[in-house]
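Enquirer: From the sequence below, what's the structure:
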Amino acid sequence: MPNLLAKGRLARWSGVAGVSLVTLTTMAGTVLAAAAEHAPNAAHGGEHASGGLPQLNPANFPTQIFWLALTFGVLYYLMSKKALPRVAEVLEARQERISRDLAKAAQLKEEAEAVLAQVEKSLAGARAEALTLIGQASAEIEANNQARQAALNADLSARLTAAEASIASAKEQAIANVRIASADIARDIASRLAGIDVDSAQAEAAVAAVIEERR
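Expert: Next comes the predicted model:
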């Protein structure tokens, strides 16, 4: 494809150069013809001159036309065989370089898009994995907290039961001690005030009855 474009440009440049040479040749012929028309008048008016301008002398027109055609032919040959192919090569090399750069840019764009898609996929996977781990950690923490709370409640209940039992035992022991001490005091009072010797069992029963009434 670049070769076809270069050949097309070369043909276009060759056509332009040919048209330019033909145009210049036609213009030169027109100028020479106009000079030939004015040459007789110039010759009659300048008999005492030294012959006028050589390029306006009709006798020199064939030679001038020959050299003009030869010069333009050489220029046309140089342009079509030397300059224009070189220009076509430069344009072709430039077009190839541009095509390579565009292809490389498209390849780099595709690679960048692929890398970006892979990065986004990795980020999405990492985000999902992080959310899963956070959920698992939260569930484990909640389960541990519930287990610790249950264990704490059970321990507190056991301690409370033990404390209540200990309090009840201490209370019963204290009541028993009070009953015994009260029975002894009552026997001593009855003996001292009334001179009555009260049996220990009777004294304790009386004290127990009084304690039961006060509860």
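
Enquirer: Glu113 and Ala126: what is the separation?
Expert: Separation of Glu113 from Ala126 (CB to CB, to the nearest Å): 20 Å. The way it works is simple: take the backbone N, C-alpha and C, and place the C-beta from them, glycine included.

Enquirer: Burial check on Thr63, number of neighbours?
Expert: Close neighbours of Thr63, defined as other CB atoms under 10 Å, add up to 9.

Enquirer: What helix or strand is it located in?
Expert: helix 61-78 (DSSP states H and E).

Enquirer: for that helix, packing partners?
Expert: Helix 61-78 is packed against helix 2-45, with contacts defined by 3 or more CB pairs under 8 Å, 6 or more residues apart in numbering; DSSP states H and E.

Enquirer: Check the burial of Leu84 by counting its neighbours.
Expert: Leu84, neighbours per other CB under 10 Å, totals 19.

Enquirer: ditto for Leu131
Expert: Neighbour count of Leu131, defined by other CB under 10 Å: 10.

Enquirer: in which helix or strand would I find it?
Expert: Counting by DSSP H and E, Leu131 is part of helix 84-189.

Enquirer: now the angle from that helix to helix 61-78?
Expert: On the basis of axes from the mean of the first three to the mean of the last three CA atoms, to 10 degrees, helix 84-189 is oriented at 30 degrees to helix 61-78.

Enquirer: what helices or strands is helix 84-189 leaning on?
Expert: Applying 3+ CB pairs under 8 Å, 6+ apart, we find helix 84-189 packed against helix 2-45, helix 200-214.

Enquirer: could you give the mean pLDDT of the longest one?
Expert: This points to helix 2-45. Average pLDDT, helix 2-45: 52.

Enquirer: Can you list the buried residues in the helix holding Thr63?
Expert: For helix 61-78, the neighbour count (16 or more other CB atoms under 10 Å) marks 61, 68, 72, 76 as buried.

Enquirer: how about TSV for these, with distance to Glu164 and pLDDT added?
Expert: Compiled in TSV, the buried residues of helix 61-78 are given as follows (distance: CB to CB, whole Å; pLDDT from 0 to 100):
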residue	distance to Glu164	pLDDT
Phe61	146	78
Leu68	137	87
Phe72	131	87
Tyr76	127	85
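
Enquirer: In CSV, list the residues you listed along with distance to Leu108.
Expert: Output for the buried residues of helix 61-78, formatted as CSV (distance: CB to CB, whole Å):
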residue, distance to Leu108
Phe61, 66
Leu68, 56
Phe72, 50
Tyr76, 46
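
Enquirer: Can you tell me which of those residues lies closest to Asp101?
Expert: Lowest distance from Asp101 to the buried residues of helix 61-78 (CB to CB) belongs to Tyr76, with 35.6 Å.

Enquirer: quick one: the closest one and Lys82, what's the gap?
Expert: Plainly put, Tyr76 is 11 Å away from Lys82 if you go by CB to CB.
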